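Student: Sequence unavailable; structure follows:
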């Protein structure tokens, strides 16, 4: 079947859902021919996809049309929403969409420069291969609950400019399998950077806890407690837990160690707002057409909450990255601006050590099983550091400090 997009609801909903669930033609074609290096049968028979292959034919691929033709068409149509839909093939949302037609029009999707098959057969689409070892990288993970339901998604964004590096969208039907692929993506990124400047941005709500527990207790070779984002405790709660070590045990995560992002009706709009700010800062950093399509169905309700009229997994995993970037900007951006992260880390550690030396020895808690140094800004303003954890084995510190 052939059609231009017609929105994501109403008359256009059926086509939109078929397009979103179709097999990506880039996975099976090499130019205009079958890719002989791919197992095409297994790709087409992916149970998480439908029986269609999605092929986009943009006006710019027509040799009879050029930029002058496009400008003339835009002038005649004189409506950005119609231009987005009929000429740029965007699935524009309703009038309640949080992204304006102009913002959607500013996105320029790119074809992946490379694809990597993960442990469990998902495809990691890469939009950038040359990574900056002096930057930090965010891995956002959104968990779905079944093979028949929504997709699980993974996004990779650079910290400094918020450029989209890669993404995965796949139906696993197993939290363990999703956890394995998060582990796969993390370790792949680790080898590309040759350092540990990575923050994992996983939600920890209900089903979201399952892949976190897999990473902490079952994944081998990496202490993921060091890399998973941890929400800051409210000041009054932090005082009641003075000098309590953050530690993972075989019986489960302790109540002092709530790893991951807590997504609620209150925090979700905040996360979406963080993504909006990142897009204002650098709209060219959004490179995936699927992510752009999902942005068009994110709506704001009359009560101020955020809802989706279709799939939102790629969008939410991008929101997690933007949210954590906002939370960590005050401590990481200075390192990126100096261009010398290792020396900056050493200076931070020396500064913290000096502060510790001025305080009471009761603030220094040694734990034989774990390795942490935490810079508690609010505690510093009170003249004391309430939580400090020293690695007595490796003398390794976290790649970032919890705010």
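Tutor: Perfect, I can see it now. Because the structure is predicted, anything quoted here is derived from the model rather than measured.
Student: sec struct for the spatially most central residue of the chain, please.
Tutor: Nearest to the geometric centre of the chain sits residue 140, at 2.6 Å (Cα atoms, centre = their mean). When classified by DSSP: H, G, I helix; E, B strand; the rest coil, residue 140 comes out as strand.
Student: and the closest residue to residue 276 other than its chain neighbours, what does it touch?
Tutor: Among residues not flanking residue 276 along the chain, residue 98 sits closest, at 7.2 Å (Cβ to Cβ, 6 or more residues apart in numbering). From N, CA and C alone the C-beta is placed, and that goes for glycine too. Residue 98 makes contacts with 272, 276, 298, 299, 300, 306, as judged by Cβ atoms under 8 Å, 6 or more residues apart in numbering.
Student: ok, the residue nearest to the centre of the chain - contacts?
Tutor: 153-157, 201-202, 316-321, 324.
Student: Same list, those residues, but as JSON lines with pLDDT and secondary structure please.
Tutor: Formatted as JSON lines, the contacts of residue 140 follow (pLDDT from 0 to 100; DSSP: H, G, I helix; E, B strand; the rest coil):
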{"residue": "153", "pLDDT": "95", "secondary structure": "strand"}
{"residue": "154", "pLDDT": "97", "secondary structure": "strand"}
{"residue": "155", "pLDDT": "98", "secondary structure": "strand"}
{"residue": "156", "pLDDT": "98", "secondary structure": "strand"}
{"residue": "157", "pLDDT": "98", "secondary structure": "strand"}
{"residue": "201", "pLDDT": "96", "secondary structure": "strand"}
{"residue": "202", "pLDDT": "94", "secondary structure": "strand"}
{"residue": "316", "pLDDT": "94", "secondary structure": "helix"}
{"residue": "317", "pLDDT": "96", "secondary structure": "helix"}
{"residue": "318", "pLDDT": "97", "secondary structure": "helix"}
{"residue": "319", "pLDDT": "95", "secondary structure": "helix"}
{"residue": "320", "pLDDT": "96", "secondary structure": "helix"}
{"residue": "321", "pLDDT": "97", "secondary structure": "helix"}
{"residue": "324", "pLDDT": "96", "secondary structure": "helix"}
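Student: Which among those count as buried?
Tutor: Buried members of the contacts of residue 140, scored by 16 or more other Cβ atoms under 10 Å, are 153-157, 201-202, 316-321, 324.
Student: Please enumerate the helices of the chain.
Tutor: 13-20, 40-44, 67-77, 80-82, 101-106, 175-193, 209-217, 235-240, 267-281, 289-295, 313-338, 341-358, 377-381 (DSSP state H).
Student: between those, which one is nearest to residue 92?
Tutor: Ranking those by proximity to residue 92 (Cβ to Cβ) places helix 80-82 first, at 5.5 Å.
Student: Give me the distance from the closest one to the chain's centre.
Tutor: On the basis of Cα atoms, centre = their mean, to the nearest Å, helix 80-82 sits 29 Å off its chain's mean C-alpha point.
Student: now stretch 39-46
Tutor: With Cα atoms, centre = their mean, you get 27 Å for stretch 39-46.
Student: Over it, what's the mean pLDDT, rounded is fine.
Tutor: When pLDDT is averaged over stretch 39-46, the result is 81.
Student: Return the set of buried residues in it.
Tutor: Buried, per 16+ other Cβ under 10 Å, within stretch 39-46: residue 43.
Student: what sits up against that stretch?
Tutor: Contacts of stretch 39-46 (Cβ under 8 Å, 6+ apart): 23, 27, 28, 34, 53, 121.
Student: follow-up on the earlier one: now the helices of the chain in a markdown table, with distance to residue 127?
Tutor: Below are the helices of the chain laid out as a markdown table (distance: least, Cβ to Cβ, whole Å):
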| stretch | distance to residue 127 |
| --- | --- |
| helix 13-20 | 19 |
| helix 40-44 | 20 |
| helix 67-77 | 24 |
| helix 80-82 | 25 |
| helix 101-106 | 17 |
| helix 175-193 | 14 |
| helix 209-217 | 23 |
| helix 235-240 | 39 |
| helix 267-281 | 16 |
| helix 289-295 | 10 |
| helix 313-338 | 13 |
| helix 341-358 | 24 |
| helix 377-381 | 35 |
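Student: Okay, domains of the chain per the record?
Tutor: Domain assignment for the chain, taken from automatic domain parsing, gives 93-336, 341-391.
Student: out of the ones you listed, which comes closest to residue 86?
Tutor: Using Cβ to Cβ, those put domain 93-336 closest to residue 86, at 12.2 Å.
Student: what pLDDT does residue 254 get?
Tutor: 52.
Student: meant to ask about residue 234
Tutor: pLDDT, read off for residue 234, is 59.
Student: now swap in residue 191 and tell me
Tutor: pLDDT, read off for residue 191, is 93.
Student: Repeat that for residue 195.
Tutor: Reported pLDDT for residue 195: 88.
Student: Look up the closest residue to it, ignoring the ones flanking it.
Tutor: residue 133 (5.8 Å).
Student: Residue 77 against residue 83, yeah?
Tutor: Yes: Residue 77 lies in contact with residue 83 (Cβ atoms under 8 Å); the separation is 5.4 Å.
Student: which of these two has more neighbours?
Tutor: residue 83 (19 against 14; other Cβ atoms under 10 Å).
Student: so where's the stretch 301-403 of the chain uncertain?
Tutor: Along the stretch 301-403 of the chain, segments meeting pLDDT under 70 span 304, 338-403.
Student: Great, nothing more from me.
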